[in-house]
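Asker: Predicted structure and sequence below. I'll ask about it afterward.
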Amino acid sequence: MNIIIAGIHTGIGKTVSSAIICQALGYDYWKPVQAGDLENSDSIFIKNNVSNPSCVLHSETYQLQEYASPHYAAAKAGVQIKPEDFVLPPSDNSLVIETAGGIMSPLAKDFLNIDLVSTLNLPVVLVSNNYLGSINHTLLTVAALQQRNIAIEGIVFCGEAVESTRSFILEQTQLPLLFSVPVFQQINKEVIAAFAKTVSINL
């Protein structure tokens with residue numbers, strides 16, 4: 001089963017969540033758009049922190065130097081991100097597909113992450129986090145996905161646990177909690193592998 005890892009914001013734990021799923025289930029990994037930090041990209045993070053031999057990394061469709069919203073990074077590079085360029089990489093395995101930024105982040109003038117999700121026509125695993133405003137961001141993201149009739153497999157919470165926030169989100173959305181990612185003091189293959197053994201992920 002191919003899935004899209006989408007987030008309510010940027011920098012909230014999508015890549016760590018992707019690593020855990022790839023480690024636990026042996027899925028392949030694909031980041032269609034990487035904007036900035038190409039020497040330490042999300043694909044490189046997966047390579048360095050997932051030890052499951054079944055996980056194969058697939059090359060990004062776009063690699064952009066500027067650490068910014070993809071539409072801006074592409075413009076700076078003189079590149080136009082086009083919907084028709086996104087084709088699932090060939091694989092006999094299931095894919096984890098990680099978006100760049102929040103669900104409404106623009107990839108081009110008239111092409112948002114949510115449009116890419118619709119184009120790929122795959123279910124979403126939504127990554128949330130605990131910060132002031134995360135309830136609002138999570139509920140708005142769920143509403144936007146549901147308005148497009150995009151299936152949501154469930155929610156992953158990352159970071160410090162705030163039970164009142166999590167319980168409110170789960171009650172309001174009626175989405176299943178897939179797993180929660182704690183704040184790791186360090187992240188490496190051993191940490192990801194050990195944590196992946198503790199979670200039961202049904203996708």
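Answerer: Done, it's in. Residues are numbered from 1 along each chain as shown.
Asker: Can you tell me the element the residue lying farthest from the centre of the chain falls in?
Answerer: Residue farthest from the centre of the chain, counting by Cα atoms, centre = their mean, is Gly78 at 25.8 Å. Using DSSP states H and E, Gly78 sits within no helix or strand.
Asker: Surely Leu79 and Gln65 touch.
Answerer: Just so we're on the same page, residue 79 is Val rather than Leu. No - counting by Cβ atoms under 8 Å, Val79 does not reach Gln65; the two are 10.2 Å apart. For glycine as for every other residue, the C-beta is placed from the backbone atoms N, C-alpha and C.
Asker: Quickly note the distance from the residue farthest from the centre of the chain to Leu88.
Answerer: According to Cβ to Cβ, to the nearest Å, Gly78 stands 26 Å off from Leu88.
Asker: Then Ala196?
Answerer: From Ala196 to Leu88 the distance is 24 Å (Cβ to Cβ).
Asker: ok, those two, which is more surrounded?
Answerer: Per other Cβ atoms under 10 Å, whichever of Ala196 and Leu88 has more neighbours is Ala196, with 20 against 13.
Asker: Might one say that that one is in contact with Gln23?
Answerer: Yes - counting by Cβ under 8 Å, Ala196 touches Gln23, with 4.0 Å between them.
Asker: Only the C-alpha atoms, please, for the biggest helix by length in the chain, written as CSV.
Answerer: Using DSSP state H to define each element, the chain has its longest helix at helix 134-147. Coordinates of each C-alpha in helix 134-147 appear next as CSV, following Å, rounded to 0.1, in the frame of the first residue of the first chain:
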residue,chain,number,x,y,z
SER,A,134,-1.2,22.9,16.4
ILE,A,135,-4.9,22.1,17.1
ASN,A,136,-6.0,24.8,14.7
HIS,A,137,-3.4,23.7,12.1
THR,A,138,-4.4,20.0,12.4
LEU,A,139,-8.1,20.6,12.2
LEU,A,140,-7.7,22.9,9.2
THR,A,141,-5.5,20.3,7.4
VAL,A,142,-8.0,17.5,8.0
ALA,A,143,-10.8,19.7,6.8
ALA,A,144,-8.9,20.6,3.6
LEU,A,145,-8.1,16.9,2.9
GLN,A,146,-11.6,15.8,3.5
GLN,A,147,-13.0,18.6,1.3
